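Peer 1: Coordinates for the following, if possible.
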Amino acid sequence: MRADRADWLAPADALRRIVDGVPRLEAEQRPLLGALGCVLAEDVAARADLPPWDNSAMDGFAVRANDVRGASAQSPVVLRVVDDIAAGAFPSRPIAAGEAARIMTGAPVPAGADGVIRVEHTDGGREIGTADGRVSIFSDADAGKNVRPRGEDVRAGQTVLRAGTVLRAPHLGVAASLGCGQLSVHRRPIVGIATSGDELVDVDGFDQVLAGRKIVNGNSYALAAQVAESGMEPRILGIAADTPESLRRVIEAARGCDALVTSAGISVGEHDHVRAVMEALDTRVEFWRVKIKPGSALAFGIVGGLGGIPWFGLPGNPVSTMVTFELFVRPALLRMCGHTRIYQPTVNAVARDAFSARGELMLIPRLTLETADGETHAGSTGAQGSGVGSSMAAADALGLLPAGTEVRAGERIRAVVLGGAPAVEEAYFQTSGDDG
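Peer 2: Numbers count the residues shown, from 1 in each chain. Here you go, the predicted model:
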């Protein structure tokens, strides 16, 4: 590794190298509820028909359709009730001509019956359970209806859930109905988060902020929350002092993690030691910088000294940290745990404000989104400095303004939607070498 390497990659190139450079994690067995949000690693096939028998879709009376044709309130059909089948019970005998069985929803339909008359189309029955049990049918609208046939949902041997499925509540319900107490899913990465800076203090040291001596380490909390939002497990490693020794101790606490994210110390200042420490940890660096603003001081590599885990070196300014995580780190983490849809979707919105990307860097403004008159409108969140963390807190989207271009109010700006919108397969940076 060269410690002075500075590639200035185009955003598309950087994103491609990151996504292609992270490993897919191995599969593990998880109990059903523990698999929620995970990616299924193996197909799941049915071992039995669902439902396992013809069953009633209504509370009512199982009958033969031919017996109730023409039934009406003026001319009811009276049938002998020969069975009473509760949910969880089974018929005691078939149904013959002129007979009926009272039946509850979900209960097996007796042989001979081909429909269930809902109870509101009857008199409810009388003397059921005796030899004189009878029911009057006041409508033939349900003749031949309200029976859910065996295997209507799933047939034995059918593949019901496909590998690659992101497991949601309905999938877990189906898996449970198939008798699966656990599922094989891609493991979620444990992500170590390290920050550095003598000026930083944790939240419980806020008295030093009031005294004007320190600032709160908000980056660790923002990054941990972004990792958790992605469905991964964050592990905050601590704040390193501005010395190589302290930084190495904090970074080496990432042993056992699946990925490492560092914030700050990535530049070439006298007190920026990340490059030297990563070199000492046998890191193969793919690049050091990316042509975006904010967030150009972005690095990515594989740390041999920590077992070959991917490393994402993020800038220290809070907006730069969060922007680079959203655009570059989140997709990589999603890919690690088996997702194929790893990118946030984009929209082409009408700009309420003017934006200008001067120079050679893509501008990433923070935007609010509103819908009016069938159009999506994007406006600035206010001050756009890389230290203005509130601009991210107010943002619904991140604009993508190619280097050297301008957007006037009323023109369109492309933006990456934040806040949990369904992910897509297509990257927001379209082609290699593309600035937007």
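Peer 1: Check the gap between residue 163 and residue 340 for me.
Peer 2: Distance from residue 163 to residue 340, counting by C-beta to C-beta, to the nearest Å: 11 Å. Heads up, the C-betas are built off the backbone N, CA and C, glycines and all.
Peer 1: Between these two, point out the one with more neighbours.
Peer 2: For residue 163 versus residue 340, neighbours defined as other C-beta atoms under 10 Å are more numerous around residue 163 (16 against 12).
Peer 1: what residues are up against that one?
Peer 2: The neighbourhood of residue 163, defined by C-beta atoms under 8 Å, 6 or more residues apart in numbering, consists of 40, 41, 42, 43.
Peer 1: can you pull the pLDDT of it?
Peer 2: In this model, residue 163 is scored at 96, pLDDT.
Peer 1: Same question for residue 203.
Peer 2: pLDDT, residue 203: 80.
Peer 1: same question, residue 14
Peer 2: For residue 14, the model assigns a pLDDT of 96.
Peer 1: cool, the one 5 residues further on as well?
Peer 2: Model confidence at residue 19, given as pLDDT, is 97.
Peer 1: neighbours around it, how many?
Peer 2: When counting by other C-beta under 10 Å, one arrives at 17 neighbours for residue 19.
Peer 1: what about it, which SS state?
Peer 2: When classified by DSSP: H, G, I helix; E, B strand; the rest coil, residue 19 comes out as helix.
Peer 1: Now for it: which residues touch it?
Peer 2: By C-beta under 8 Å, 6+ apart, the contact set of residue 19 is 331, 332, 335, 342, 427.
Peer 1: want to throw these into a markdown table with neighbour count, pLDDT and distance to residue 196?
Peer 2: Below are the contacts of residue 19 laid out as a markdown table (neighbours: other C-beta atoms under 10 Å; pLDDT from 0 to 100; distance: C-beta to C-beta, whole Å):
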| residue | neighbour count | pLDDT | distance to residue 196 |
| --- | --- | --- | --- |
| 331 | 23 | 97 | 25 |
| 332 | 23 | 97 | 22 |
| 335 | 20 | 96 | 27 |
| 342 | 20 | 96 | 28 |
| 427 | 19 | 93 | 30 |
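Peer 1: Can you list the low-confidence ranges for this structure?
Peer 2: The chain contains residues with pLDDT under 70 at 1-6, 267-272, 431-436.
Peer 1: any idea how far residue 77 is from residue 42?
Peer 2: 53 Å.
Peer 1: between those two, which one's more packed in?
Peer 2: More crowded of residue 42 and residue 77, by other C-beta under 10 Å: residue 77, with 21 against 12.
Peer 1: Let me know whether the more buried one touches residue 68 as I believe.
Peer 2: Yes: using C-beta atoms under 8 Å, residue 77 makes contact with residue 68 at a distance of 5.2 Å.
Peer 1: Now the common contact residues for the two.
Peer 2: 137, 140.
Peer 1: got a list of what residue 79 touches?
Peer 2: 61, 63, 67, 68, 98, 99, 100, 134, 135, 137.
Peer 1: okay, now the closest residue to residue 9 other than its chain neighbours: neighbour count?
Peer 2: Nearest residue to residue 9, sequence neighbours excluded (C-beta to C-beta, 6 or more residues apart in numbering): residue 287, at 4.9 Å. When neighbours are defined as other C-beta under 10 Å, residue 287 has 19 of them.
Peer 1: now residue 22
Peer 2: By other C-beta under 10 Å, neighbour count at residue 22 equals 23.
Peer 1: need the contact list for it.
Peer 2: By C-beta under 8 Å, 6+ apart, the residues touching residue 22 are 259, 310, 332, 333, 335, 336.
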